[in-house]
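1. Build the 3D model from these lines:
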Amino acid sequence: MAIFGKLGKYQNLGLLVMRIGLGAMLILHGKDKLMGGPGTWTELGQAMGKLHIHFLPAVWGFLCAVTETIGGLFVMLGLWFRVVCLFLVINFIVAAIYHYTGLPRLIEAAHAIELAFTFFGLMFTGAGVWSVDKS
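-> Next up is the predicted model:
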């Protein structure tokens with residue numbers, strides 16, 4: 001359609017909008033996990049048990065919370081964008097594995113799967129020209 005034909009000129013604006021929206025939601029979603037303390041971190045870290053990693057669940061949970069919260073800030077800023085996206089992909093793959101327990105429960109893992117694909121795709125596009133990292 002002709003109406004959408006010229007939107008290609010605004011790719012960097014689109015990436016900025018995506019970065020701000022996704023980053024803000026990650027911060028909101030992750031800050032409660034980060035502020036929850038060791039009990040919350042241990043509960044989060046037990047998701048690694050699905051990967052047969054049962055040691056130091058509080059550390060894994062803390063890393064999950066930091067990845068979401070600080071990673072969200074870095075996504076918004078476009079700082080170390082591709083590395084942060086990789087960490088977020090790993091984080092959401094673990095979340096998807098934890099929540100997925102069979103086809104009827106796929107809906108519980110859907111959000112994590114969607115975000116894993118989103119950040120995987122963003123690793124290829126980069127942050128765009130309006131980012132802190134842009135040289």
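
2. Need the contact partners of stretch 2-16.
-> With contacts defined as Cβ atoms under 8 Å, 6 or more residues apart in numbering, stretch 2-16 is touched by 125-130. For every residue, glycine as well, the C-beta is placed using N, CA and C.

3. So among these, which ones count as buried?
-> When burial is judged by neighbour count using 16 or more other Cβ atoms under 10 Å, the buried members of these are 127-128.

4. Near the nearest residue to residue 78 once chain neighbours are set aside, how many residues? Count them for me, please.
-> Spatial nearest neighbour of residue 78, chain neighbours left out: residue 131 (2.3 Å); criterion: Cβ to Cβ, 6 or more residues apart in numbering. Using other Cβ atoms under 10 Å, residue 131 is surrounded by 21 other residues.

5. for residue 131, phi and psi?
-> Here is the backbone geometry of residue 131 (degrees, to the nearest 10): phi -150, psi 160.

6. I figured it hits residue 82, correct?
-> No. In terms of Cβ atoms under 8 Å, residue 131 does not count as a neighbour of residue 82; the distance is 10.8 Å.

7. In the longest helix seen in the chain, which residues are buried?
-> When the chain is scanned for its longest helix (criterion: DSSP state H), the result is helix 11-35. For helix 11-35, the neighbour count (16+ other Cβ under 10 Å) marks 15-16, 18-19, 22-23, 26-27, 30, 33-34 as buried.

8. Tell me the one among the residues you listed nearest to residue 69.
-> Using Cβ to Cβ, residue 30 is the member of these that sits closest to residue 69, with 3.6 Å.
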